[in-house]
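> What would the 3D arrangement of this be:
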Amino acid sequence: MAAIGHVPLADQLRPTRLEEVVGQEHLTDADGPLGRMAETGRLSSMILWGPPGCGKTSIARLLANAFDVRFSSLSAVFSGVADLKRAFAAAEEAKSFGEQTLLFVDEIHRFNRSQQDAFLPVVEDGTIILIGATTENPSFEINAALLSRAQLLVLRRLDEAALERLLAKAEAHVGQTLPIDENARTTLIASSDGDGRFLLNQAEMLWNLCDDILDRDAMLRLLQRRAPVYDKDRDGHYNLISALHKAMRGSDPDAALYYLARMLTAGEDPLYVLRRITRFASEDVGLADPQALTQCMAALDAYRFLGSPEGELAIVQACLYCATAPKSNAVYGAQKAAWALAKQTGSLPPPVHVVNAPTKAMKDLGMGVGYVYDHDAPDGFSGQNFWPDRIEPHKLYHPVERGHEKRIAERLAWWAQRRVAQGR
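Sure, this is the predicted structure:
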């Protein structure tokens with residue numbers, strides 16, 4: 001076993017210069033925004049957006065060192081208005097002695113709108129240089145006014161090459177290779193899910209607990225497997241459901257099944273996913289394959305009857321059916337057009353000949369007069385006008401030349417020809 005010491009390995013290996021930050025070369029290289037700041041000697045407020053363990057905190061500390069400014073930090077999880085006031089007062093006092101303060105705020109998206117507004121005056125007058133770190137999309141979580149005063153920098157999830165470099169750095173620091181074989185090493189990197197801090201914590205545990213070389217299965221029994229990064233009410237949730245929808249729309253059943261699995265194995269409510277697939281059946285398949293909606297409703301019945309995990313197979317079936325079905329958004333387009341026309345035309349009455357006339361007074365007013373019962377007409381088609389008198393007939397539904405809708409389009413075209421022939 002290697003002796004790691006009392007300080008966590010991840011802290012021992014924090015980079016001492018910007019160039020040592022692993023996996024963020026697009027920011028730290030000479031032509032990147034941080035590299036340019038270092039060269040020009042001009043540090044500005046910024047929001048660092050990226051997944052856990054990609055180096056946001058390290059970058060903030062390194063910038064403070066590189067620009068020789070006072071470093072102060074807060075976590076929005078544990079801080080409130082009183083903490084902000086103390087931090088601002090300390091920065092104001094330091095400013096009076098000619099010292100600039102870099103205030104690092106971790107999880108800044110957890111501050112509410114009014115708390116975020118408190119940063120505006122002190123950023124504006126230069127009392128602090130703000131560096132906020134967030135794992136959530138700043139466009140949704142950070143005030144627009146604050147965003148306009150800070151540069152948004154996007155940090156990348158660490159790829160396998162970056163994580164391998166991090167492991168090699170750890171081995172050089174400890175002076176010993178990890179006690180695992182190559183297959184286990186590959187699995188360790190993959191299971192870290194792009195999180196460098198998690199990878200180093202797992203490596204530290206291996207060094208502390210193992211004397212012998214472990215294979216993949218032995219390593220997995222020893223280490224706690226990492227749960228996928230997935231917040232049901234945040235970006236992970238919306239990004240994956242969007243990817244699922246677009247993969248089905250793009251007729252890629254394998255990608256659709258992958259994103260479905262990502263969501264369900266991360267703990268998403270199966271009924272939420274099925275609701276989205278059912279919506280897809282009408283929005284993106286529609287009458288090109290009317291069975292798509294039937295498959296989704298059958299999946300709902302099956303899931304309610306079987307529960308999880310057995311009933312999830314029916315959701316998989318519905319997903320694959322929709323992904324492989326012919327696609328049409330004609331129903332979706334028709335709904336939007338019809339809703340818009342209905343709002344535009346208000347309460348126009350239908351033509352009198354299609355209005356029921358159950359009383360003599362209504363018949364005397366001409367209601368129902370001239371209506372032709374379609375089943376009595378040749379070919380079961382009268383060709384009558386059913387639109388209000390004050391508007392021309394509109395074409396709202398445009399079937400595509402795919403699947404069942406191709407036959408619908410042919411039928412509609414035949415009916416249109418009959419109307420022309422009848423002078424309708």
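> Was I right to think V123 contacts S148?
No: between V123 and S148 there is no contact under CB atoms under 8 Å: 10.3 Å. Using the backbone N, CA and C atoms, a C-beta is placed for each residue, glycine as well.
> These two: who's more crowded?
More neighbours surround V123 than the other of V123 and S148, with 19 against 8 (other CB atoms under 10 Å).
> which ones are touching that one?
Going by CB atoms under 8 Å, 6 or more residues apart in numbering, V123 touches S45, I129, L130, L146, R149, A150.
> Generate JSON lines for these, with secondary structure, distance to E136 and pLDDT as supplementary columns.
Formatted as JSON lines, the contacts of V123 follow (DSSP: H, G, I helix; E, B strand; the rest coil; distance: CB to CB, whole Å; pLDDT from 0 to 100):
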{"residue": "S45", "secondary structure": "coil", "distance to E136": "18", "pLDDT": "95"}
{"residue": "I129", "secondary structure": "strand", "distance to E136": "22", "pLDDT": "95"}
{"residue": "L130", "secondary structure": "strand", "distance to E136": "17", "pLDDT": "96"}
{"residue": "L146", "secondary structure": "helix", "distance to E136": "14", "pLDDT": "93"}
{"residue": "R149", "secondary structure": "coil", "distance to E136": "19", "pLDDT": "92"}
{"residue": "A150", "secondary structure": "coil", "distance to E136": "15", "pLDDT": "93"}
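> Selection in ChimeraX covering whichever of those are buried, please.
A single ChimeraX command selects the buried members of these (16 or more other CB atoms under 10 Å):
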select :45,129,130,146,150
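> Now the two most distant members of the contacts of V123.
Greatest spatial distance in those: I129 and L146, 13.4 Å, computed using CB to CB.
> Can you give me the buried ones in the longest helix seen in the chain?
If each helix of the chain is counted by residues according to DSSP state H, the longest one is helix 403-421. Across helix 403-421, burial judged by 16+ other CB under 10 Å covers G403, H404, E405, I408, A409, R418.
> just the residues you listed: which has the poorest pLDDT?
The member of the buried residues of helix 403-421 with the lowest pLDDT is R418, at 86.
> Tell me where this structure is predicted with low confidence.
Residue ranges of the chain with pLDDT under 70: 1-5, 224-236, 424.
> Quick check: the gap between the residue sitting nearest the centre point of it and E136.
Centroid check for the chain by CA atoms, centre = their mean gives N239 as the closest residue, at 1.9 Å. Going from N239 to E136 by CB to CB, to the nearest Å gives 11 Å.
> got it, and P270?
From P270 to E136 the distance is 25 Å (CB to CB).
> D181 too?
From D181 to E136 the distance is 38 Å (CB to CB).
> Okay, and the beta partners of L102?
F71, I129 (DSSP bridges).
> That one against V69, yeah?
Yes: using CB under 8 Å, L102 is in contact with V69, at 4.9 Å.
> Of these two, which one has the most company?
Counting neighbours by other CB under 10 Å for L102 and for V69 shows that L102 has the greater number, 22 against 17.
> quick one: buried residues of stretch 168-177?
A170, V174.
> Would you map the strands across the stretch 1-150 of the chain?
46-49, 70-75, 101-106, 128-134 (DSSP state E, counting those that start in this stretch).
> As JSON lines, the ones you listed with distance to K169 would be great.
Converted to JSON lines, the strands of the stretch 1-150 of the chain look like this (distance: least, CB to CB, whole Å):
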{"stretch": "strand 46-49", "distance to K169": "22"}
{"stretch": "strand 70-75", "distance to K169": "24"}
{"stretch": "strand 101-106", "distance to K169": "23"}
{"stretch": "strand 128-134", "distance to K169": "22"}
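> Work out the gap between stretch 85-104 and the centre of the chain.
37 Å (CA atoms, centre = their mean, to the nearest Å).
> got it, and stretch 123-137?
Worked out by CA atoms, centre = their mean, stretch 123-137 lies 24 Å from the chain centre.
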